[in-house]
Each structure stands twice: as C-alpha cells, then as structure tokens.
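> give me the fold of what follows.
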Amino acid sequence: MKTWIGAQLFVFLASWAIYTSYWAVFLIGRGMSPQIAGLSVTAGLVSRSIAVAVLFPLANRWTGLGTIVRVLPWISVACAALFLGHGSVALVMVASVALGLTYPVILPGLETMTTLAAGRRLLSYGPTRRIGSLGFVIGTFAAGAVQTRWGTEALLGLFVAACLALGLLGLAPTGHPEVAHQRAGSGRDWSALFRRRNVVVMMLVMIFLQSSHAAYYTFGAVRFAELGASPGLVSALIVLAPLGEIVILSVAPHFERRLSVRAMLVIALLAAVVRWLVLGLTGSLWLAALSQPLHGATFAVAQVAFVRFLNDDVPADLNGAVQGMMTALATGLGTAAMTAVAGLLWNTSTLLVFGLMAICAGLGLPLLTDRMLGRSERA
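So this is what the prediction gives:
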C-alpha cells in the first residue's frame, strides 16, 4: 500500500505541477490575455468544485476509492485532448470544464486513501506525502525544461504523458484491499458531521488559507518573469516552494502530535500573510525567492493539521466526504473566486492582488479560538 500510494502521489503531483503552475503560461503562450487565461482557470476550478463536492462522494458511495483513482487518469487524457485544437475561447472554456470535472478529482481520492492508510498505521503520512512533493519538484523542473526547449505548446504533451503514466501505474495491485475498497457513508451521516462546529470551522480556515494561494498558483510564474527571471530560473524558483514542503513533511512525525491542530493552523496562516505581502511589495527577485520556502508552512503544516484532524475527529467512512468538501470549497470554489479577482486586477496592481491574498489568509485567524475549534463541538 505504501509503495502504491507513493508512486501514485509522485506521478500525479508531477502532472499537478503543470496543471497548477504552468496552465496559465500555456494558455497565454497561445495568445490569450491574462484575463481570458484567468477566466479559463476559474472555469476549471468551478467545475472541479462541483466534481469533488458532488460527483466524487456520489461515485465513492457506488464504488471504492481504488477504482476511482484508477479510472480517472484515462478519462483525463481524453479531456486534455480537447486542448489539442487551436479553437475559440468558447472551446477552451469547454475543455477547461471537462478537464476540471475529471482530473482534479484524483487528488482527494489519493489524499483520502493516504489518510485512511495512515490511520491504520500502514504508512506515515508526512514521509509518504513527501514522495508526492518530490514528484511536484520534478514535474516543475520538467515543465520548465520542456518550455525552454520546445515552447509552451509542449506543456500540454507533457501533461498528457504524465496522466498516461498515472493510468498505467494504477493497474498494479494496491496491496491493501480494505483501503482501496473504502466507500463513503450516507448523506444523512454527512449532514450530521457538517453540523459539528469544529468541522465547520476547520473548513472555513482551510478555505481562507488555500484560497489565498490563488494568485500564486495562477500567476506566480508570471510574477517571477516580471521580476526578471528566465524560464529556467522561474522553474527553479517555483521548485523552492515544494522543497520547503518536503522539509516540513520530512520532520512532520516529530511535531504532528506535539503541536495542537490550532497551533499548526496559526503558523500556516501567519506564514501566508507574510508570504503574499512579500510577493506583492518586493521589486527584488531574490527577496521573492526567499519567500518561496514559506510554502512549507502555508501548505504542508496546514495539511498535516488537516490530516490529524481527520484521523482524530472524523469517522473513516466519512473521510472522503470531508476531503472532497475541503477540496471543493478551499482549492475549488474559494480558489476560483480569488483567481477571478487576481485575473481581473493583475494588470492594475500586483501589490493589490497579493495584498488581497494576505487579507484572505488573515481572515482565518479569528476563527482559531478554543471555543471555535473545540473538539467534537456542535455548530
């Protein structure tokens, strides 16, 4: 199970590096404006939200997690093929929605399997998730190298190749049928779960934190280029973020039970505020580079806190529902809304864009009181 999940996370997050960090670069390379590219990314994020909030839990009630993560890479290849033609803006939007309804759903499926396996002591979450982060690093370097050698159009081919590799890896046995066959609980169970105050507060905090990453994920590469970085250097700078993540995940077993969930979330939120203000204010490429390892706090520390919360406070058969809802609301709808804002304001002021991201992260801090995040409290 550890080997299977590690390999899946590695290849998926290698492809995810292209999808999150280079998709806008790919679209702009086709002659689209930042506004249209941002709208396309937003369309994908909205469709992702619908898929992971509704389609993923429904599919998981019908079939096991293993089946879902094995089938979706092949469907994603077909959806990505829609981008092969140089069609109208409308066609690009259709392709973005189709890909958003399929490909991103693999992530909550894999995350849920990893969380369940960690809860059964089949693996340690931090070191296993670190393998995925390493895949993101390699995917980022590969994307930068491919863009430099063959141009932005080749990024699509690299993405499709990664999805094909993911599908082929999925053909191997998982090694632990109980986790792979896990299905979601009933809708009635979901309703009761989301009436608990600590679950609602956790969702809100993750929405504010993850949504604040929107401008970086969509325009981070563009921002570094504006500061004078070459395509190769842009890749290196983007890689600094998952390297910080890898360091945190490597030491996660040493702090995940020593720090409270609340303390870890406060660290993540404060780091996000600092990170986005630096990216907005600085005119120095190297100062922007120094802010990149803060991703270890803004993402990895928060993810460790979220997995700890799932294992401590959420029943196993509802892990997928909570993972899916968090992905839908935090990295889906919330990020879509902030991406749309970033796209509209990007040509006006990068300081305004990243300032809004800092405010978004800061909104999570007032929620982290003893009363609001108390264990097993009702909303």
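> quick check: next helix or strand after the helix or strand Met113 falls within?
Element membership of Met113, judged by DSSP states H and E, is helix 106-119. Tracing the chain past helix 106-119, the next element assigned as helix or strand by DSSP H and E is helix 125-150.
> which residues touch Leu155?
The neighbourhood of Leu155, defined by CB atoms under 8 Å, 6 or more residues apart in numbering, consists of Ile18, Tyr22, Val25, Phe26, Gly29, Ala143, Val146, Gln147. For glycine as for every other residue, the C-beta is placed from the backbone atoms N, C-alpha and C.
> ok, so of those residues, who is nearest Gly320?
Ile18 (25.6 Å; CB to CB).
> let me know the average pLDDT across stretch 16-24.
Regarding stretch 16-24, the rounded mean pLDDT is 87.
> so the residue sitting nearest the centre point of the chain, which of the three states?
With distances taken as CA atoms, centre = their mean, Thr331 lies nearest the centre of the chain, 6.0 Å away. Classification of Thr331 into helix, strand or coil gives helix, according to DSSP: H, G, I helix; E, B strand; the rest coil.
> wait, it touches Ser212, no?
No: between Thr331 and Ser212 there is no contact under CB atoms under 8 Å: 11.3 Å.
> now for the two: what residues contact both?
Shared contacts of Thr331 and Ser212, defined by CB under 8 Å, 6+ apart, are not found at any residue.
> by mean pLDDT, flag the weakest helix or strand of this structure.
Among the helices and strands of the chain, helix 187-193 carries the lowest confidence by mean pLDDT, DSSP states H and E, at a mean of 64.
> hmm, back to that, any idea which of the contacts of Leu155 is closest to Arg308?
Of all the contacts of Leu155, the one with the least separation from Arg308 (CB to CB) is Ile18, at 29.9 Å.
> so what's that closest one up against?
Gly139, Ala143, Leu155, Leu158, Phe159, Ala162.
> rerun that using 10 Å as the cut-off
Ile18 makes contact with 25-26, 136, 139-140, 142-143, 146-147, 155-156, 158-160, 162-163, according to CB atoms under 10 Å, 6 or more residues apart in numbering.
> what distance do you get for Ala43 to Leu116?
Look at Ala43 and Leu116: by CB to CB, to the nearest Å, they are 32 Å apart.
> the two - which one has more neighbours?
For Ala43 and Leu116, the more surrounded residue by other CB atoms under 10 Å is Leu116, and the numbers stand at 24 against 21.
> so what's that one closest to, chain neighbours aside?
Val179 (5.0 Å; CB to CB, 6 or more residues apart in numbering).
> distance check, the one you found against Gln8.
With distances taken as CB to CB, Val179 is found 12 Å from Gln8.
> okay, and the common contacts of the two?
A shared contact of Val179 and Gln8, defined by CB under 10 Å, 6+ apart, is any residue touching both; here these are Met113, Thr114.
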